[in-house]
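need a 3D model of the following:
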Amino acid sequence: MFIEKRVSGKSIKYYLVYSYRNDKNDVIKIRRYLGLNLSKDDIERSKIKAQTQINSEIKDMKIEVFNFSLSKKQMKQLNRYNDDISILHLQKEEWARFTEEFVYNTNAIEGSIVSKNEVHDILEGKSAVKNDEIETKNVAKAVEFIRDTKEDLSLDLIKKIHKLCFNGSRHFAGKLRDVDVVIEDSNGKIVHSGTPVPHLDFALKEYISWYKKNKNKFKPLILAALVHNQFENIHPFQDGNGRVGRLLLNFILIQKGYPPINILLEDRKEYYHVLQEYSKNHNITDSLKFLIKQYKKTLRLVTTKKNIKHNVVT
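Numbering: from 1, shown residues only. Sure, this is the predicted structure:
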């Protein structure tokens, strides 16, 4: 933080300023007015209150769970959950079944009315006219993309996944939101607010920065859960955050040589609960337990293999 002076006629205005760069490399400044024609003592007195205000705003912009100081013991305990995920190789037909299951469930969680049978027909070549049908084809393309891409996690990759999902159905495909968003329950009660627009660039920059610093400290399941949950916490798009978040979950798993996980429509209520536990209480453990259960259900749906370890997903 530094003191900024502004000449106003014969007077001088004093500000306390905190500056940082967003993901576009623009310099963003947070200012607090200290007063007019201040002495050194006046500046110091006003500075204390202004520092408290700026620190509070900075704290609100931080990605709280990523600022946790985890001990080696705590990391080890989290990483143990990874042992419940087997590493296996999905054959071509198993990937096709997974894609159909994933596309149906991930879209249905967000309100799509396309049935499971219709998903199969659309992916087999039936024309897509309505938005829900277009998004059926699009999410399947996104699954193929995260399987094949060699890119690492970045803001560009996140935007690319969103555009793949909603190209032709939403005018904001691939674009970060410029409006604030909230998530409501069935009673209209707000259960989560996405990062405010003025702080969105900063939050995403911190998100990617945390990932780069920590991607080799966590085993794949834990890393994937954190990347997914924090993305949902930020909610960077006007719509479609759930689908992109679940694709990012699988992007991390596949990138690390692990099998994908399908979150089922029938378990939507529990899914929302574990996300709220993360958002409100920084609890990632419930998410890990939930994902392990979803993984086991995924295996039963897409393959006859069970408890196979030390192969590679391709």
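
which residues sit in contact with residue 278?
65, 229, 233, 284, 286, 287 (C-beta atoms under 8 Å, 6 or more residues apart in numbering). All C-beta spots, glycine's among them, are computed from the backbone N, C-alpha and C.

and residue 253, how many neighbours does it have?
The number of residues packed around residue 253, counting by other C-beta atoms under 10 Å, is 25.

element containing it, please.
helix 241-255 (DSSP states H and E).

let's see that helix as PDB, backbone CA atoms only.
Presented in PDB, the C-alpha positions along helix 241-255 are these (Å, rounded to 0.1, in the frame of the first residue of the first chain):
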ATOM      1  CA  ASN A 241     -21.100 -23.000 -14.300                       C
ATOM      2  CA  GLY A 242     -22.300 -26.400 -13.100                       C
ATOM      3  CA  ARG A 243     -21.600 -28.100 -16.400                       C
ATOM      4  CA  VAL A 244     -18.200 -26.500 -16.900                       C
ATOM      5  CA  GLY A 245     -17.200 -27.300 -13.200                       C
ATOM      6  CA  ARG A 246     -18.000 -31.000 -13.700                       C
ATOM      7  CA  LEU A 247     -16.000 -31.000 -16.900                       C
ATOM      8  CA  LEU A 248     -13.100 -29.400 -15.000                       C
ATOM      9  CA  LEU A 249     -13.400 -32.100 -12.400                       C
ATOM     10  CA  ASN A 250     -12.900 -34.700 -15.000                       C
ATOM     11  CA  PHE A 251     -10.300 -32.700 -16.900                       C
ATOM     12  CA  ILE A 252      -8.000 -32.900 -13.900                       C
ATOM     13  CA  LEU A 253      -8.700 -36.700 -13.300                       C
ATOM     14  CA  ILE A 254      -8.200 -37.600 -17.000                       C
ATOM     15  CA  GLN A 255      -5.000 -35.400 -17.200                       C
END
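
which neighbouring elements make contact with that helix?
For helix 241-255, the packing partners by 3 or more C-beta pairs under 8 Å, 6 or more residues apart in numbering; DSSP states H and E come out as helix 92-109, helix 131-148, helix 155-166, helix 220-234.

about what we covered before: and the contacts of residue 278 as JSON lines, adding neighbour count and pLDDT?
As requested, these are exported to JSON lines (neighbours: other C-beta atoms under 10 Å; pLDDT from 0 to 100):
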{"residue": "65", "neighbour count": "18", "pLDDT": "44"}
{"residue": "229", "neighbour count": "21", "pLDDT": "95"}
{"residue": "233", "neighbour count": "22", "pLDDT": "92"}
{"residue": "284", "neighbour count": "20", "pLDDT": "90"}
{"residue": "286", "neighbour count": "16", "pLDDT": "93"}
{"residue": "287", "neighbour count": "24", "pLDDT": "94"}
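
hang on, the earlier thing: quick one: closest of the helices and strands packed on helix 241-255 to residue 261.
helix 220-234 (8.1 Å; C-beta to C-beta).

that closest one vs helix 155-166, what angle?
Here helix 220-234 runs at an angle of 80 degrees relative to helix 155-166 (axes from the mean of the first three to the mean of the last three C-alpha atoms, to 10 degrees).

pLDDT below threshold where in the stretch 51-200 of the chain?
When residues are selected by pLDDT under 70, those of the stretch 51-200 of the chain lie in 56-75, 185-187.

one step back: any buried residues in the helix holding residue 253, and which?
Buried residues in helix 241-255, counted by 16 or more other C-beta atoms under 10 Å: 241-255.

cool, and stretch 178-198?
Applying a neighbour-count criterion of 16+ other C-beta under 10 Å, one finds 181, 183, 192, 194, 195 buried in stretch 178-198.

what does stretch 125-137 give?
128, 132, 133, 134, 135, 136, 137.

could you work out the most separated pair of those?
Pairwise over the buried residues of stretch 125-137, using C-beta to C-beta, the maximum falls at 132 and 137, 10.4 Å.

in the chain, which residue is most central in space?
The centre of the chain sits closest to residue 231, judged by C-alpha atoms, centre = their mean, with a distance of 1.3 Å.

now residue 227: how far from residue 87?
19 Å (C-beta to C-beta, to the nearest Å).
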